[in-house]
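J.: What follows is a predicted structure for the sequence shown.
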Amino acid sequence: MSPVPTAVRPADARDELTFIRTFRAPIDVVWASITESERTALWFCSWSGEAGPGRTIRYRLEHEEGRPEGEMLIEVCEPPVRLFVSSSDEYGSWRLEGRLAESDGVTELVFVHHLSTDIPIGEVGPGWEYYLDMLVASRDGGPTPDFDDYYPAQKAYFEGL
């Protein structure tokens, strides 16, 4: 498999790396896929704690070697249309946003990584493509992607953005 990178860096927001995924599902169902620990564990991480704006949760990356853990601050939570979280670890600062919109039973997820200078785009971009394709596979029951198909194959694309 050779997945094609989809991310863009909007001209009016060069500090953003934006990805879009579309689902044939109601917005509430997709919202659950990006906010409920049992569902996020299928494609990204499990988490624990009391969720809500201004609260910190503990997460575990389920698909990474060693299943690293950390803390994430929920900055904005506006069900079922917007989630904004942030975290810092030894790799840098992470500011992540999901925006959802539904039309005629189809929900679009706009996922934005608000970039900081301490995270190399060529390293993280392929990872988000992989994770978001994992989300699609978990929702649609499709085959699970293989990270080796994304990195390093997509690194040059992201470095060119």
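T.: That came through, no problem. Residues are numbered from 1 along each chain as shown.

J.: Okay, and residue 71 sits in which element?
T.: Using DSSP states H and E, residue 71 falls within strand 69-78.

J.: Would you indicate which residues of that strand are buried?
T.: 70, 72, 74 (16 or more other C-beta atoms under 10 Å). Where you see a C-beta, it was placed from the backbone N, CA and C, and this is true even at glycine.

J.: Could you measure from the first one over to residue 92?
T.: It stands for residue 70. 12 Å (C-beta to C-beta, to the nearest Å).

J.: before we move on, what about residue 12?
T.: Relative to residue 92, residue 12 is positioned 24 Å away (criterion: C-beta to C-beta).

J.: who's more crowded, these two?
T.: residue 92 (15 against 5; other C-beta atoms under 10 Å).

J.: looking at it, the more buried one is touching residue 118, isn't it?
T.: Yes - judged on C-beta atoms under 8 Å, residue 92 makes contact with residue 118 at a distance of 3.9 Å.

J.: Counting by contacts, list what the helix or strand residue 57 falls within packs against.
T.: Applying DSSP H and E as the criterion places residue 57 in strand 56-61. Secondary-structure packing of strand 56-61 (3 or more C-beta pairs under 8 Å, 6 or more residues apart in numbering; DSSP states H and E): strand 45-48, strand 69-78.

J.: pLDDT below threshold where in this protein?
T.: Within the chain, the segments meeting pLDDT under 70 span 1.

J.: Quick one: classify residue 135 as helix, strand or coil.
T.: In the three-state summary, residue 135 is assigned as helix, counting by DSSP: H, G, I helix; E, B strand; the rest coil.

J.: and it, how many residues sit next to it?
T.: 22.

J.: if I look at residue 122, how far off is residue 151?
T.: 9 Å.

J.: Same check on residue 105?
T.: Counting by C-beta to C-beta, the gap from residue 105 to residue 151 is 34 Å.
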